[in-house]
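**Q** Kindly generate the corresponding structure for this input.
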Amino acid sequence: MSDGEETKTTATGTVEEVLPNSLFRVRVSGSANASPEDLAEGSAIDKEGGKDLVLAYLAGKMRLHRIRVLVGDQVDMVLDPYGGRARIVRRLT
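**A** Below you'll find the predicted structure:
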């Protein structure tokens, strides 16, 4: 790893709820760069009754090109390394 380069934890999920100010509550279904144990330990994921939920916001390019995200859409996300949120980078369906 070179200086300034960090590994990004990506995950796939389904949009459960649309909130104001381009925020979304997303149910995490899988991750590309982390094991489920790593996701469970991180504070970015909220366990509500055994369901993995994360608060996510739209990436800048998605806002720029006005890509709409609706309830039920499958999305790719980059999880914040410090916990708390995720950034939606791609809409899959």
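
**Q** The lengthiest strand in the chain: what's the following helix or strand?
**A** Of all segments of type strand in the chain, defined using DSSP state E, the longest is strand 9-19. With elements assigned by DSSP states H and E, the helix or strand that comes after strand 9-19 is strand 23-31.

**Q** buried residues in that next one?
**A** Buried residues in strand 23-31, counted by 16 or more other Cβ atoms under 10 Å: F24, R25, V26, V28, S31. Heads up, the C-betas are built off the backbone N, CA and C, glycines and all.

**Q** Check which helices and strands it is in contact with.
**A** Here strand 23-31 touches strand 9-19, helix 36-41, strand 51-58, strand 74-79, strand 86-91, going by 3 or more Cβ pairs under 8 Å, 6 or more residues apart in numbering; DSSP states H and E.

**Q** run the last query once more with 7 Å
**A** strand 9-19, strand 51-58 (3 or more Cβ pairs under 7 Å, 6 or more residues apart in numbering; DSSP states H and E).

**Q** Dump the ones you listed to TSV, plus mean pLDDT and mean neighbour count.
**A** Shown next, in TSV, are the helices and strands packed on strand 23-31 (pLDDT from 0 to 100; neighbours: other Cβ atoms under 10 Å):
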stretch	mean pLDDT	mean neighbour count
strand 9-19	94	17
strand 51-58	90	19
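
**Q** among the ones you listed, which is nearest L92?
**A** strand 9-19 (7.3 Å; Cβ to Cβ).

**Q** List of residues touching that closest one?
**A** With contact meaning Cβ atoms under 7 Å, 6 or more residues apart in numbering, strand 9-19 is reached by 24-34, 39, 53-54, 69-79.
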